[in-house]
Every structure is written in structure tokens, then in C-alpha cells.
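*Asks:* Pasting the sequence and the predicted model now:
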There are 2 protein chains.
Amino acid sequence: MIEKLIAYFSKFQALSEDVKNIIRNDTEIRVIKKGTILLKEGQIPKDNYFIIKGSIRQYYLKNGEEKTSNFFIEEEWVLPFTNINKDGKSACYLECIEDSHLVIADDKQGNDFLEEFPEFYKTSQLILEKEIIRQQNEIAKYVNQSPEERYIDLQKNHSELINRVPQYQIASYIGVKPESLSRIRKRIATDLRLKKE
Amino acid sequence: MIEKLIAYFSKFQALSEDVKNIIRNDTEIRVIKKGTILLKEGQIPKDNYFIIKGSIRQYYLKNGEEKTSNFFIEEEWVLPFTNINKDGKSACYLECIEDSHLVIADDKQGNDFLEEFPEFYKTSQLILEKEIIRQQNEIAKYVNQSPEERYIDLQKNHSELINRVPQYQIASYIGVKPESLSRIRKRIATDLRLKKE
């Protein structure tokens, strides 16, 4: 299992055997049940997560309504320290939406590791850059896309999510009620049929 | 002028005199006129910007309409390489909205600097983390706030922007037409007056 994390890091930078062994010995992988809340709004985040298998949903709770802001799947990092209010407390919730295998890396552990193996900063930097690109992409969707366009984008670029995630969460992610998502899906299906005829 | 950049970096990490001197000798500061487009959609980004003085607006052009996604002011980085399509080309526009003094740092220069002074990776990492926090905060606004709430948030947390930026750009940033922004401002003013009475 841990070899998946090593293979992931190796995409960014060749790792020495020393670094690989530290990762093998010191990394904690946890199996987490579907439905587990990893972090609640108002809690102080301590851990970061790398998804070996499974998926995590990030959502906000506003007036009792869950508002999904992101889904994370295999080979993605979830960095809750980036999602805090000024008081350092989490602004959102994180939930495992499938049975998941997660690498748990607390902030201190990550920093200690970088102190000991500063050559790893380069990989760390590339991972953070990737994360910023991902988020800018999310912002671009809010700015430019209608809910229907967001759904089509999801079908095109993240089709795996549509089958793995409950429909009400997909609806909340594209910013509509579940009924509207049904209508959007019907409209898209009709358009496709008309195009084929 | 360059001392402002050095002071900024020093907030994250003590800099050696060597590093300070490299920054003093090798950094290019450019004075850019208000209204200059720094980058267009479809261009390949090459430079990053640190704002010494002035401001930059990021926007998308959709069906001929400018959709403002971000404002950047003094002591902020603008990292256009984070805002690209899969083909590596910019997805958005960047415009100086005031006469600005910018540090221009091209990607290669940044990477060469890190290779030569790897101790600087730590600062680089902290800056990227700050940027992710900023963006998560932007996403949270899209997910949780109505245009009126976004305007109130802007008044509370970035009041300097409201006076420095044309109103039509503020309207586009909170996702409404300029007429709606006028209505929102009137409503907020009335609410304030009622509260005082």
C-alpha cells in the first residue's frame, strides 16, 4: 500500500533509498469507513491526507444545508490547514464518502521530514503548485459555468465521480437542488439523442 | 523599492546577506501603466508578479463579458502559471488596474534561484501555502455567500479595494450587473440607517 505513495512521489523527483525507507517505516495508513467525518467545522486541523483508495468530500454547512465544494479521489492530497478561518479553526467538513485507505500525515511530521530531507522541498513545492492549479480551475468553474455546464464538465473530465458519488452530492457541488439535477440530466440525454438522429 | 520585497521575504524566514544581495542585483522591477494587459487568454505565461505598489485584476472573458475572479494588491503574488488550461495556455486575463510597480520574476529565474539557495524553499513553500489558503477562501465565498453577502464581506475585510477599483469590476467580482450592485449598496445603507435609529 505504502508503495503507492512512494510511486506517487517518484513521479515528481527520484527518491533516495534513505527517504524511501523513512516513508516505509514512519507513514501511517488508516482504513476509514464510508460516512466517517474526518474533520468538522470549528475543529483545529492537525492532519493532512493522501488518498491511496477511496474518496473524500469537502462541504460547508450553511443554514442546515450541506454545500459541497470539492471531491478528492485516489492520488490526491487533502490539506485541511488551507481551509481555516482567521481563528485557525476549520471552515468546512471533510467526510469519507467511500471506504478509504488514507495516509495520515500530521503537520509537524511533514515539517520534521522536510527539515531532515530538505531535498524533498522540491517535490513538496510541485505538489502545492499542482494544488493551486486545481483550485484555480475550481474558481474558473464558479465564475464561468452554469450548473448545466458544470455537470457536462464533470461528465467529460471526472466521469468516474458521477458513478461513485451520491447524486444529491453532485447536485450540491454544481450548485442546484437534486430535482434540478434530474432535469439537467434529462435535457442532456435528449440533446444527445437528437444529435444522433 | 526592492527593500520591500526583502522585507516581505524576511517575514517568513531570515535571509542571509548573500541571498539579499542576489535579490538586490538580479530583481527586475517594472513600472506599469494603469490599464495595461499583462497577460491575455491563450498566451503562455512566463512571468510571475509581486506587487510592490498598485493592483492587478484577474478576469475571464465569456461571451464578450468580463468576469472578474480576483483582485491582487500590495504584498501579494500573482502566479499566472497556476491558471492554465491543459494546453498550458492562460485561461484568463491579467490587467493592471492602477499604475503599478511590479517585481517580474520569470519561472526559470525562480527555479534557478531555488537551485542555488535551496534554503529558500522553505519561504517558497510558506508563500504557496498562503496562496492556497487565499484561494480556498475565495471558493468558500462562491459556495456560501450571496452577492450581497459577498459585498458586505468585501466592505469588512477588503474595504481598501472598494475605493480603488471601478464599481463595474466590483459588481462583476460579486457576480452581479452594475445596476444590482447599486441596489445592494442602497439596501445596505438603508439597513445601517434603520439600525442606528
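*Replies:* Alright, I've got the coordinates.

*Asks:* Can you check the pLDDT for A:M1?
*Replies:* Here the pLDDT value assigned to A:M1 is 84.

*Asks:* Could you measure from it over to A:G110?
*Replies:* In this view, A:M1 and A:G110 are 19 Å apart by Cβ to Cβ, to the nearest Å. Where C-beta positions appear, they are placed from N, C-alpha and C, glycine not excepted.

*Asks:* Would you mind telling me which of the two has the busier surroundings?
*Replies:* Neighbours were counted for A:M1 and for A:G110 using other Cβ atoms under 10 Å in any protein chain shown; A:G110 has more, 16 against 11.

*Asks:* So for stretch A:81-98, what gets flagged as buried?
*Replies:* Across stretch A:81-98, burial judged by 16 or more other Cβ atoms under 10 Å in any protein chain shown covers A:81-84, A:90-98.

*Asks:* I misspoke; the intended subject was stretch A:45-54.
*Replies:* So, applying 16+ other Cβ under 10 Å, buried residues of stretch A:45-54: A:P45, A:D47, A:N48, A:Y49, A:F50, A:I51, A:I52, A:K53, A:G54.

*Asks:* and those residues, which of them are in strands?
*Replies:* Using DSSP state E, the members of these that fall within strands are A:D47, A:N48, A:Y49, A:F50, A:I51, A:I52, A:K53.

*Asks:* and the second one, what is it in contact with?
*Replies:* Taking Cβ atoms under 8 Å, 6 or more residues apart in numbering or on different chains, we find A:N48 in contact with A:W77, A:V78, A:L79, A:P80, A:F81, A:I104, A:A105, A:D106, A:D107, A:G110.

*Asks:* Quick one, which of the residues you listed are buried?
*Replies:* Counted by 16+ other Cβ under 10 Å, the contacts of A:N48 give A:W77, A:V78, A:L79, A:P80, A:F81, A:I104, A:A105, A:G110 as buried.

*Asks:* sec struct for the last one, please.
*Replies:* At A:G110 the chain is in helix, as set by DSSP: H, G, I helix; E, B strand; the rest coil.

*Asks:* how close does the closest residue to it other than its chain neighbours get to A:F72?
*Replies:* The shortest distance from A:G110 to any non-neighbouring residue, by Cβ to Cβ, 6 or more residues apart in numbering or on different chains, is to A:N48 (6.7 Å). Note on A:N48: its distance to A:F72, by Cβ to Cβ, is 11 Å.

*Asks:* Can you check which residues contact both of these two?
*Replies:* A:V78.

*Asks:* For stretch A:127-144, buried residues please.
*Replies:* Of all the residues in stretch A:127-144, those buried under the rule 16+ other Cβ under 10 Å are A:127-129, A:131-132, A:134-144.

*Asks:* can you give me the strands in chain A?
*Replies:* Using DSSP E, strands in chain A cover A:28-32, A:37-39, A:47-53, A:56-62, A:65-72, A:77-78, A:93-96, A:100-106.

*Asks:* looking at the ones you listed, which is closest to B:F12?
*Replies:* The closest of the strands of chain A to B:F12 is strand A:47-53. By Cβ to Cβ, the value is 20.0 Å.

*Asks:* Parallel or antiparallel, list what pairs with the closest one.
*Replies:* Here strand A:47-53 is paired, per DSSP bridges, with strand A:77-78 (antiparallel), strand A:100-106 (antiparallel).

*Asks:* could you redo those strands as a markdown table and give each row distance to A:H158?
*Replies:* Putting the strands paired with strand A:47-53 into a markdown table (distance: least, Cβ to Cβ, whole Å) gives the following:
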| stretch | distance to A:H158 |
| --- | --- |
| strand A:77-78 | 16 |
| strand A:100-106 | 17 |
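
*Asks:* Return only those of the buried residues of stretch A:81-98 found close to chain B.
*Replies:* A:F81, A:T82, A:N83, A:I84, A:A91, A:C92 (Cβ under 8 Å from any Cβ of the partner chain).

*Asks:* Compare the strands of chain A and give me the one nearest B:R185.
*Replies:* Per Cβ to Cβ, nearest to B:R185 of those: strand A:56-62, 23.7 Å.

*Asks:* Now look at that closest one and say if it contacts chain B.
*Replies:* Yes. Using Cβ under 8 Å from any Cβ, we find that strand A:56-62 touches chain B at A:Y60, A:K62.

*Asks:* Now do that strand: which elements does it pack against?
*Replies:* If contacts are counted by 3 or more Cβ pairs under 8 Å, 6 or more residues apart in numbering or on different chains; DSSP states H and E, strand A:56-62 sits against strand A:65-72, strand A:93-96, helix B:121-144.

*Asks:* Out of these, the one nearest B:K177 is which?
*Replies:* helix B:121-144 (17.6 Å).

*Asks:* List the contacts of the closest one.
*Replies:* A:60, A:62, A:67, A:69-70, A:79, A:81-84, A:91-92, A:114, A:118, A:121-122, A:124-125, A:128-129, A:131-132, A:135-136, A:138-139, A:142, B:9, B:12-13, B:69-70, B:77, B:79, B:82, B:114, B:150, B:153.
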